[in-house]
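Visitor: pasting the sequence and the predicted model now:
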Amino acid sequence: MIRITGTGSAVPARRVTNDDLGKIVDTSDEWIRSRTGIESRYLAVEETTTGLSAEAAKKALAAAGVSAEELDLIIAATVTPDRFLPNLSCEIQRELGAKNAVAFDLNAACSGFLFSLDTAYMYLRTGRYRKALIIGAETLSKIIDWTDRSTCVLFGDGAGAAVLENVPEETGCADRASGAAAGNGAGESRGILSIRMGSDGGRGMVLSCDNRPVSNPYVKRESGLSYVSMDGQEVYKFAVRTVPHIIGLAVEEAGLAVEEIDLFLLHQANIRIIEAVAKRLRQPMEKFPVNLRDCGNISAASVPILLDNVRKHDMIKKGSKIVLAGFGAGLTWGATVLEW
Ligand code: COA
């Protein structure tokens, strides 16, 4: 049985409010709040993607009671590593002293944590590895055009981490048939019950950011930096159609009804997207915790930070049935159902 045994998160010290942004671009707290639900975000000043990741990872390891040396696998999801080389996961490995782990990065934008979870799950499921650390981490502020009001108000920086373990049945975990059907507090956790993922490269350019252009002795080209550009309305339409669909598939595969899910932890892009998903699933907003008011959209870090927030606020109990769902650039999307 594969389950999350610890979570952790970290955000930069500098909190930037909507009013602060109103001083650098032509925007207002009223516009940002009413269109997105965002009130502030944390932006890296001294912090790095590696440093935020290591802080979140240490907290997740402590919560799981797992030492860094016990880790077999580290997967970091990011679109904003500190370096092209070495990869973020190896930098985290170094910071933690996780010398026995295999470490690699994964880029699936705002769905990155879900793709990391899916990948780690399969490694653990085959028995190849037993203990994995998965991380979603971003310093998006370095790929944002701070003169573009249509994007710069949306994003923030931070990192979230989770320890995933293949827990042997003999430690007392019930099998699926005898699991905690009664819900909170009863029976044993069944861990991850289902995962469904999707991608559509054909629509990729609705949310994009170019890499450095080719620059070699055989090409004459101005080198220039590219920043995030987005067709907000297309992304919005994609999200409100795709997310309820993928959640429905994952819940069905888990053998549950949507009504049996206690919490839906969605990628935190926009409150209107979350409200539209709740409406389509016919579920109350109380089941959809939100931290985007405080943090904005932190891409791959958004879902694991939210998971850590709700765990710390005792919103999750043993037996709670939880959906994690991500969506974003690629396009990519995914959902998992787990029993805590
Ligand atoms: N402050 C003030 N005005 C702004 C603004 C800002 N920060 N950003 C854009 N505007 C203006 C536009 O210039 C436009 O003005 P105009 O009518 O004079 O041309 C007007 O507001 C409407 O812009 P539009 O882009 O049509 O707004 P919208 O209602 O689609 O809202 C988003 C924009 C980005 C909030 C919305 O499309 C959205 O949430 N999309 C999903 C984005 C997302 O979640 N991305 C991440 C996915 S991982």
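Guide: Sure thing, it's come through. Numbers count the residues shown, from 1 in each chain.

Visitor: just the strands in the stretch 51-200 of the chain please.
Guide: 73-77, 102-106, 131-139, 157-166, 191-199 (DSSP state E, counting those that start in this stretch).

Visitor: single out the most deeply packed of the ones you listed.
Guide: The highest average neighbour count among these, using mean count of other C-beta atoms under 10 Å, belongs to strand 131-139 at a mean of 31. Any C-beta I mention is one placed from the backbone N, CA and C, and that applies to glycine too.

Visitor: parallel or antiparallel, list what pairs with that one.
Guide: strand 73-77 (parallel), strand 157-166 (antiparallel) (DSSP bridges).

Visitor: got TSV for the ones you listed, with mean pLDDT too?
Guide: Shown next, in TSV, are the strands paired with strand 131-139 (pLDDT from 0 to 100):
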stretch	mean pLDDT
strand 73-77	98
strand 157-166	98
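
Visitor: just put those in JSON lines and tack on distance to the ligand.
Guide: Putting the strands paired with strand 131-139 into JSON lines (distance: least, C-beta to the nearest ligand atom, whole Å) gives the following:
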{"stretch": "strand 73-77", "distance to the ligand": "13"}
{"stretch": "strand 157-166", "distance to the ligand": "15"}
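
Visitor: closest to Asp210 out of the strands of the stretch 51-200 of the chain?
Guide: With C-beta to C-beta as the criterion, Asp210 lies closest to strand 131-139 of these, at 17.5 Å.

Visitor: the closest one vs strand 102-106, what angle?
Guide: 40 degrees (axes from the mean of the first three to the mean of the last three C-alpha atoms, to 10 degrees).

Visitor: need the contact partners of stretch 89-106.
Guide: Contact with stretch 89-106 is made by 50-51, 53-54, 57-58, 61, 68-78, 81-83, 87-88, 112, 115-116, 119, 129, 133, 135, as judged by C-beta atoms under 8 Å, 6 or more residues apart in numbering.

Visitor: ChimeraX command to pick out the buried ones of these?
Guide: Of the contacts of stretch 89-106, the buried ones go into a single ChimeraX selection, burial set by 16 or more other C-beta atoms under 10 Å:
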select :50,51,53,54,57,58,61,68,70,71,72,73,74,75,76,77,78,81,82,87,88,112,115,116,119,129,133,135
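
Visitor: return the residues of the stretch 101-250 of the chain in contact with the ligand.
Guide: Proximity of the stretch 101-250 of the chain to the ligand is confined to 110, 149-150, 153, 230, 232-233, 235-236 under the rule C-beta under 6 Å from any ligand atom.

Visitor: out of these, which end up buried?
Guide: By the neighbour-count criterion of 16+ other C-beta under 10 Å, these include these buried positions: 110, 149, 153, 230, 232, 235-236.

Visitor: so for Val11, which of the strands of the stretch 51-200 of the chain sits nearest?
Guide: Nearest of the strands of the stretch 51-200 of the chain to Val11, taken as C-beta to C-beta: strand 157-166 at 4.0 Å.

Visitor: what's Leu21 in contact with, if anything?
Guide: Applying C-beta under 8 Å, 6+ apart to Leu21 gives the contacts 27, 32, 152-153.

Visitor: could I get the strands of the stretch 51-200 of the chain as CSV with distance to Ala257?
Guide: Shown next, in CSV, are the strands of the stretch 51-200 of the chain (distance: least, C-beta to C-beta, whole Å):
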stretch, distance to Ala257
strand 73-77, 30
strand 102-106, 32
strand 131-139, 28
strand 157-166, 26
strand 191-199, 13
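
Visitor: nearest to Val251, of those?
Guide: For these, proximity to Val251 was assessed by C-beta to C-beta; strand 191-199 is nearest, at 7.6 Å.
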